[in-house]
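Colleague: Sequence isn't available, so here's the structure alone:
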Ligand SMILES: O=C(O)CCC(=O)C(=O)O
């Protein structure tokens, strides 16, 4: 379950690593079996925050790890937890988790951003690692994640809030910075099969295009924070579903 030296070196060089086939077909089926209920639930009753596309389709559901046993189990999967703890050199807790739905034909773009571009305002240092579990096949046509290899080494860039492109406020890099920094040959498409798992640094520049295909592109993203990096008090703290106050080390 632990990574080889080459895998750690590759993660450190590129800012991400894709591990193919980390979850079994059985584990992926257990997760996908939960999704219809999680998408339909009533926010007031189940306390799971949902974002919607302009069409009304669910774009994201937060906190599945708190309310669904298979999602809780995958958050503690040794193949996920061991490398995350090794990368941090410490225990970690769940900063937040979300199912990103990206439905066939209607799932909308994620503009280029670094997660730490806005997590910084939550009063933490860049000691967070995200883990994206593919629940469906991810293709170029259905809007697979795109990353800019090595961009985690730029450090945090300034972000602005885009409130027009989608239904959802997105923090993203401005055009002059993108034009100056992003080389076409450094853009990688993270295509893969259900059960493949991507690990990425909180300063890695990433985004994804609209789902132009008949295939849905669901993923489950768990963001882990170093247990020693609990948020300092900030002026406008964000809600618990996005900045968790449950500081229990995951084991
Ligand atoms: O689902 C995607 O394609 C990107 C999601 C993302 O960047 C995020 O949730 O911060």
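Modeller: Okay, I see it. These figures come from a predicted structure and were not determined experimentally. Numbering: from 1, shown residues only.
Colleague: Near the ligand, which residues of this structure are found?
Modeller: 100, 110, 115, 145, 206, 208, 219, 221 (C-beta under 6 Å from any ligand atom). All C-beta spots, glycine's among them, are computed from the backbone N, C-alpha and C.
Colleague: The residues you listed into CSV, with extra columns for neighbour count and secondary structure?
Modeller: Shown next, in CSV, are the residues of the chain next to the ligand (neighbours: other C-beta atoms under 10 Å; DSSP: H, G, I helix; E, B strand; the rest coil):
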residue, neighbour count, secondary structure
100, 21, strand
110, 22, strand
115, 23, coil
145, 26, strand
206, 25, strand
208, 24, strand
219, 24, strand
221, 18, strand
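Colleague: Tell me the one of those residues nearest residue 191?
Modeller: Comparing these against residue 191 with C-beta to C-beta places residue 145 closest, at 9.1 Å.
Colleague: which ones are touching that closest one?
Modeller: Residues in contact with residue 145 (C-beta atoms under 8 Å, 6 or more residues apart in numbering) are 132, 138, 189, 190, 198, 206, 207, 208, 219.
Colleague: in the least confident helix or strand in the chain by mean pLDDT, what counts as buried?
Modeller: Lowest on mean pLDDT, DSSP states H and E among the helices and strands of the chain sits helix 43-46, with a mean of 76. Within helix 43-46, the residues that count as buried by 16 or more other C-beta atoms under 10 Å are residue 46.
Colleague: next one: stretch 153-167
Modeller: Judged by neighbour count using 16+ other C-beta under 10 Å, the buried positions of stretch 153-167 are 156, 157, 159, 166.
Colleague: ranges for the strands of the chain?
Modeller: In the chain, the strands defined using DSSP state E lie at 16-19, 50-52, 58-62, 92-100, 110-113, 128-134, 145-148, 160-162, 170-172, 187-190, 197-201, 206-208, 219-226.
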